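Peer 1: Next comes the sequence, and after it the predicted model I'd like to discuss.
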Amino acid sequence: MIRAVLIDDEPDSIFILKKLLRTHCPEVRVVGEADGIPAALEEIDRTLPDLLFLDINLADSDGFELLDRLQSRELRVIFVTAHDDQALRAFRYSAIDYLLKPVDGADLRRAVDKLTERRREDGGNNHLDILLENIRALQASDQKIAIPMLTGLIFIFPRDIVRCESTGNYTNIIMSDGSSLLSSRPIGDYEDLLPDNLFMRVHNSHIVNLNRIQKYERGRGGYIVMEDDSVVEVAIRRREEFLKRVLKQRI
């Protein structure tokens, strides 16, 4: 059973989300509701939930202020929002997911499944701390990001990444200084996190930094030689988009 608190200043939204949870996610038990930060803090202290469904835009503030006040807690977060801000894609990395209003039942089911999977994989990282670090990074000029490792967190600049390579449920991140970081997150999370004006997933197993490509060799899909001399295959179905991206970037 997953204990959840729903935080939204629109009563209709809470009603609809509760109904969808009963239909699509019966393992989620709603133990509290709140329409703003003071009520949310009270409900969280009272019910000790595992999960927050959090609307980002609240009448008395925003959801990020609430997270700042909860940073010592071990909580998972699924954002619920009416705004498809591109920056939200980054929050998928350390939040469980985000849902756009009106919430779709199938999307809700996938988000809860993702929560269940992460609970099995967790190595003790505080996901709320990671989430807050990445939110702050997006708001700061340096924009370092937090990379969860089995032993803790490492903070890096995305521009220093040459490429990311999938290794099952983990991701090997190769840096410009020749070092590599084995992250405890799958490559799909990095596809969401890394800025898409700089990075592209060119293959199921690879994300590359477009600014660190040495050359592209044609073939069925072709392959890329990176600045560290590593060779990365381009999937056939991604070739056209890749060529458009690199040509546009260099115009």
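Peer 2: Arrived safely, thanks for sending. Computed from a predicted structure; not experimentally measured.

Peer 1: For residue 171, give me its contacts.
Peer 2: For residue 171, the contact set (Cβ atoms under 8 Å, 6 or more residues apart in numbering) comprises 164-165, 182-183, 185-187, 189-190. Glycine gets a C-beta too; all of them are placed from N, C-alpha and C.

Peer 1: So which of the residues you listed is surrounded by the most neighbours?
Peer 2: residue 164 (25 neighbours; other Cβ atoms under 10 Å).

Peer 1: Tell me how far that residue lies from residue 192.
Peer 2: Using Cβ to Cβ, to the nearest Å, one obtains 12 Å as the distance from residue 164 to residue 192.

Peer 1: what does residue 63 give?
Peer 2: Residue 63 sits at a distance of 18 Å from residue 192 (criterion: Cβ to Cβ).

Peer 1: any chance you could map the helices in the stretch 151-251 of the chain?
Peer 2: If DSSP state H, counting those that start in this stretch is used as the criterion, the helices of the stretch 151-251 of the chain fall at 187-193, 236-250.

Peer 1: Among the ones you listed, show me which one is buried the most.
Peer 2: By mean neighbour count, with neighbours taken as mean count of other Cβ atoms under 10 Å, helix 187-193 ranks first of these at a mean of 19.

Peer 1: In terms of secondary structure, what does that one contact?
Peer 2: Helices and strands touching helix 187-193, as assessed by 3 or more Cβ pairs under 8 Å, 6 or more residues apart in numbering; DSSP states H and E, comprise helix 88-91, strand 161-167, strand 170-175, strand 199-203, strand 206-209.

Peer 1: Was I right to think residue 209 contacts residue 197?
Peer 2: No - no contact is recorded between residue 209 and residue 197 when judged using Cβ atoms under 8 Å, the distance being 11.1 Å.

Peer 1: roughly how far apart are the residue lying closest to residue 46 once chain neighbours are set aside and residue 5?
Peer 2: Sequence neighbours aside, residue 32 is the residue nearest to residue 46 in space, at 6.7 Å (criterion: Cβ to Cβ, 6 or more residues apart in numbering). Spatial separation of residue 32 from residue 5 under the definition Cβ to Cβ is 4 Å.

Peer 1: The two: which has the busier surroundings?
Peer 2: The residue with more neighbours, out of residue 32 and residue 5 and counting by other Cβ under 10 Å, is residue 5; that gives 23 against 20.

Peer 1: residues in contact with the strand or helix carrying that one?
Peer 2: Here residue 5 sits within strand 2-7, counting by DSSP states H and E. Strand 2-7 is touched from outside by 14, 17-18, 21, 27-35, 40, 43-44, 47-55, 58, 63, 66, 112, 115-116, with contacts defined as Cβ under 8 Å, 6+ apart.
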